[in-house]
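J.: Pasted the sequence and its predicted model underneath.
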Amino acid sequence: ETGVTQSPTHLIKTRGQQVTLRCSSQSGHNTVSWYQQALGQGPQFIFQYYREEENGRGNFPPRFSGLQFPNYSSELNVNALELDDSALYLCASSQPIGAPQTGELFFGEGSRLTVL
Amino acid sequence: GENVEQHPSTLSVQEGDSAVIKCTYSDSASNYFPWYKQELGKGPQLIIDIRSNVGEKKDQRIAVTLNKTAKHFSLHITETQPEDSAVYFCAASETSYDKVIFGPGTSLSVIP
């Protein structure tokens, strides 16, 4: 069983640029959540995708957007990058909603974004 | 919205001693309380969770307690080992498939 994989692992951007981060969910998982983890802090919920639709959003501006594809992989897009966007971006997949639900989030190792 | 607080922010214990991490939450609608462990360079990993219909749950050296009236929940690790050294996050959500809100984390160091 393949776990959650994220790419790229590290990237550097400058203010005002745009970035796309990618995530492949664990096999059989149709729900993907994205989190932002600033240094020394807990993960902050950005949004969740279920069956290609956004299914909940945290307190992040519209320049943070996402997509989920028919194979349940997902992208996080951030436009007009700001210095405060520098963080580790974590993707997590979970078991299908409605299935015997353990609630466990399976995290990837994250994409570390630095904005200069 | 939900807010999860966690104490202490850092904790250092001798190998073999116990470690306790305490959390509070604000949203009375929360019913699912997972705990995650994050090692350096890795994503968080679930170590134990508890639902609101249960007051206590134990898994080997790890136990969690929940006081829904007071909106408190705690993680207890007994007989700590150096490999327990990591950052621990408590979290809360309304159901096990809703958005999960994390606390700020506790950095646990177990000294051999």
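T.: Great, that's in hand.

J.: Give the closest residue to A:Ser33 in space, chain neighbours not counted.
T.: A:Gln48 (4.4 Å; CB to CB, 6 or more residues apart in numbering or on different chains). C-betas here are computed from N, CA, C, even on glycine.

J.: burial count for B:Leu11?
T.: B:Leu11 has 17 neighbours, counted by other CB atoms under 10 Å in any protein chain shown.

J.: Could you do the one 3 residues further on as well?
T.: Per other CB under 10 Å, the neighbour tally for B:Gln14 reads 9.

J.: Mind listing the residues bridging to it?
T.: In this entry, B:Gln14 is beta-bridged to B:Ile111, by DSSP bridges.

J.: who are the neighbours in contact with it?
T.: Contact partners of B:Gln14, counting by CB atoms under 8 Å, 6 or more residues apart in numbering or on different chains, are B:Thr80, B:Val110, B:Ile111.

J.: change it to 10 Å
T.: Applying CB atoms under 10 Å, 6 or more residues apart in numbering or on different chains to B:Gln14 gives the contacts B:Thr80, B:Val110, B:Ile111, B:Pro112.

J.: about what we covered before: what about the residue nearest to A:Ser33, how many residues close to it?
T.: Neighbour number of A:Gln48 under other CB under 10 Å is 26.

J.: Need the phi and psi values for it.
T.: The phi/psi pair for A:Gln48 (degrees, to the nearest 10) reads phi -130, psi 140.

J.: ok, now B:Asp84?
T.: phi -80, psi -10.

J.: what about it, how many neighbours?
T.: Neighbourhood size, B:Asp84 [other CB under 10 Å]: 19.

J.: how about the strands in chain A?
T.: Ranges of strands in chain A, per DSSP state E, are A:5-7, A:10-13, A:19-24, A:31-37, A:44-50, A:53-57, A:64-68, A:74-78, A:87-94, A:106-107, A:111-115.

J.: can you put the ones you listed in TSV and add mean pLDDT?
T.: Formatted as TSV, the strands of chain A follow (pLDDT from 0 to 100):
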stretch	mean pLDDT
strand A:5-7	97
strand A:10-13	98
strand A:19-24	98
strand A:31-37	95
strand A:44-50	94
strand A:53-57	92
strand A:64-68	97
strand A:74-78	98
strand A:87-94	96
strand A:106-107	94
strand A:111-115	98
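
J.: do you know how far the most centrally placed residue in chain A is from chain B?
T.: By CA atoms, centre = their mean, the mean C-alpha position of chain A lies nearest to A:Trp34, the distance being 2.8 Å. As judged by CB to the nearest CB, to the nearest Å, A:Trp34 and chain B stand 11 Å apart.

J.: which residues does that residue contact?
T.: Going by CB under 10 Å, 6+ apart, A:Trp34 touches A:21, A:23, A:43-49, A:57-58, A:60, A:64, A:66, A:74-76, A:89-92.

J.: Not counting sequence-adjacent ones, nearest residue to residue 54?
T.: Since no chain was named, I'll use chain A. Setting aside the residues directly before and after it, A:Glu54 is nearest to A:Phe47 in space (CB to CB, 6+ apart), at 5.6 Å.

J.: oops, chain B please
T.: In space, B:Val54 is closest to B:Leu66, 6.9 Å off (CB to CB, 6+ apart).

J.: thought the one you found was touching B:Thr24?
T.: No - counting by CB atoms under 10 Å, B:Leu66 stays clear of B:Thr24, with 11.4 Å between them.
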